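[1] kindly return the folded structure for what I paste below:
(chains A and B)
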Amino acid sequence: AQSVTQPDIHITVSEGASLELRCNYSYGATPYLFWYVQSPGQGLQLLLKYFSGDTLVQGIKGFEAEFKRSQSSFNLRKPSVHWSDAAEYFCAVGAPADKLSFGAGTTVTVRA
Amino acid sequence: ETGVTQTPRHLVMGMTNKKSLKCEQHLGHNAMYWYKQSAKKPLELMFVYNFKEQTENNSVPSRFSPECPNSSHLFLHLHTLQPEDSALYLCASSLAGPSYEQYFGPGTRLTVT
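    Numbers count the residues shown, from 1 in each chain, chains lettered A, B, ... in the order given. Sure thing, here's the model as predicted:
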């Protein structure tokens, strides 16, 4: 079965600074990879997904993620953070004929 | 209504009560899911329905009873809950198959007293 690790529980970043959230997965073949964001009191919203092809994936809200097979990673990045990006971010991995597995999440705090 | 809706948004119930959570999706999907989200823990998949048939029960206690009358509606019937069942319960939907992205509702915040 696949699994996901998000090594950073909490990240604080200044508004306008860049952001990178780490995600490592465990799966024997090429997985399906997702990043979701959850604002307080809300459900999860899909930011982007990777199934195959170009390893650099563009998503909504200015986010992008890069799939690196050699490192089993799918890190999320944003060049310039806005205060509204303060939220919890979840990486998820899926596989054919299997369910999604979510990481424990990374909480992002944005300081003015 | 658009997307995935859940009612109620907040629920407080005693351990002897019976209540139900409702989820409705307006996306034309054919798979629906219940997740439990507890503080600082990964999302826990509880149940999966594909085309109204339950395809996954992730060892969930019988005090949680799901019902999926059609592809647009999903219920979670609750009875004799424990305080540790207090959590955010999230409903999601997708096209059938794990490779498709799931769309989530806002969740029901459940408190068991």
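[2] show residues contacting stretch B:50-57.
    Contact partners of stretch B:50-57, identified using CB atoms under 8 Å, 6 or more residues apart in numbering or on different chains, comprise A:99, B:30-31, B:45-49, B:66, B:68-71, B:96. (Each C-beta comes from the backbone N, C-alpha and C, glycine too.)
[3] how many neighbours does residue A:5 have?
    Counted with other CB atoms under 10 Å in any protein chain shown, residues neighbouring residue A:5 total 14.
[4] for the residue in chain B positioned nearest to chain A, give me its contacts.
    With CB to the nearest CB as the measure, residue B:104 is the residue of chain B nearest to chain A, at 3.6 Å. Applying CB under 8 Å, 6+ apart to residue B:104 gives the contacts A:36, A:43, A:44, A:45, B:4, B:90, B:91, B:92.
[5] min pLDDT across these, which one?
    Across these, the bottom pLDDT score, 90, is held by residue A:43.
[6] spell out which residues of chain B are next to chain A.
    Chain B has residues B:4, B:6, B:40-43, B:45, B:48, B:56, B:90, B:92, B:98-99, B:101-107 near chain A, with proximity defined as CB under 8 Å from any CB of the partner chain.
[7] just the buried members of these?
    By the neighbour-count criterion of 16 or more other CB atoms under 10 Å in any protein chain shown, the residues of chain B next to chain A include these buried positions: B:4, B:6, B:42-43, B:45, B:48, B:90, B:92, B:98-99, B:101-107.
[8] and residue A:109, bridged to which residues?
    Taking DSSP bridges as the rule, residue A:109 bridges to residue A:12.
[9] for chain B, where's the lowest mean pLDDT among helices and strands?
    For chain B, scoring each helix and strand by mean pLDDT, DSSP states H and E identifies strand B:53-57 as the least confident one, at a mean of 86.
[10] quick check: residues of chain A near chain B?
    By CB under 8 Å from any CB, the part of chain A that sits against chain B consists of A:4, A:9, A:32, A:34, A:36, A:41-46, A:49, A:51, A:90, A:94-105.
[11] buried ones from those residues, can you make that a ChimeraX selection?
    Here is the ChimeraX command that selects only those of the residues of chain A next to chain B that count as buried (16+ other CB under 10 Å):
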select /A:4,32,34,36,43,44,45,46,49,90,94,95,99,100,101,102,103,104,105
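[12] center of chain B - which residue?
    The central residue of chain B, meaning the one whose C-alpha is nearest the mean C-alpha position (CA atoms, centre = their mean), is residue B:34 at 3.1 Å.
[13] ditto for chain A
    residue A:35 (3.7 Å).
[14] pretty sure it is touching residue A:66, no?
    No: applying CB atoms under 8 Å as the test, residue A:35 and residue A:66 come out as separate, 11.2 Å apart.
[15] any residues in contact with both of those two?
    Common neighbours of residue A:35 and residue A:66, counting by CB under 8 Å, 6+ apart, are residue A:74.
[16] quick one: contacts for whichever residue of chain A sits closest to chain B?
    Distances from chain A to chain B, computed as CB to the nearest CB, single out residue A:43 as the nearest residue at 3.6 Å. By CB under 8 Å, 6+ apart, residue A:43 lies in contact with B:4, B:6, B:90, B:92, B:104, B:105, B:106, B:107.
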